[in-house]
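*Asks:* Below: sequence and its predicted model.
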Amino acid sequence: MDILQILYDYAFEHRMARYLEESEAYHQGVVQTQQGQQNLMIQLNAEEVRRLRECLEDMEQLHELKLEAMFRAGLSVGQELSRL
């Protein structure tokens, strides 16, 4: 495992929650998303629910890759700024 992955994992597990807890927009987004998902699920049959869940899992994996890329980009910018 490379050092960037170790840093990312640490930040994800120990630092990110603090920032999210402070964000009212995040909390509102979570509630709205959960309500929308529940409203949609009750309208779907079992096969449609299964397919939707698979799609949501795929989207979550892509989102995690974007988070990691953003972390790496932010770290890179920080390193460049420290050289100024």
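*Replies:* Structure received.

*Asks:* tell me the mean pLDDT for the lengthiest helix in the chain?
*Replies:* Assignment by DSSP state H gives helix 46-82 as the longest helix of the chain. Average pLDDT, helix 46-82: 95.

*Asks:* buried residues in it?
*Replies:* Residues of helix 46-82 classed as buried by neighbour count (16 or more other C-beta atoms under 10 Å): Phe71. No exception for glycine: its C-beta is placed from N, CA and C like everyone else's.

*Asks:* for it, packing partners?
*Replies:* helix 3-14, helix 24-41 (3 or more C-beta pairs under 8 Å, 6 or more residues apart in numbering; DSSP states H and E).

*Asks:* packing partners for the first one?
*Replies:* Going back to what we said before, that points to helix 3-14. For helix 3-14, the packing partners by 3+ C-beta pairs under 8 Å, 6+ apart are helix 46-82.

*Asks:* quick one: the helix it packs on to helix 3-14, angle?
*Replies:* Helix 46-82 and helix 3-14 meet at an angle of 120 degrees, taking axes from the mean of the first three to the mean of the last three C-alpha atoms, to 10 degrees as the criterion.

*Asks:* Distance from the chain centre to helix 46-82, please.
*Replies:* In terms of C-alpha atoms, centre = their mean, to the nearest Å, the centre of helix 46-82 is found 6 Å from the chain centre.

*Asks:* do the same with stretch 68-84
*Replies:* 19 Å.

*Asks:* who's in contact with that stretch?
*Replies:* Residues outside stretch 68-84 that contact it (C-beta atoms under 8 Å, 6 or more residues apart in numbering): Leu4, Leu7, Tyr8, Ala11, Phe12.

*Asks:* Which two among the residues you listed are spaced furthest apart?
*Replies:* Greatest spacing in the contacts of stretch 68-84, by C-beta to C-beta: Leu4 and Phe12 (12.1 Å).

*Asks:* tell me the SS of Gln43?
*Replies:* Under DSSP: H, G, I helix; E, B strand; the rest coil, the three-state class of Gln43 is coil.

*Asks:* how far away is it from Gln37?
*Replies:* Using C-beta to C-beta, to the nearest Å, we find Gln43 at a distance of 11 Å from Gln37.
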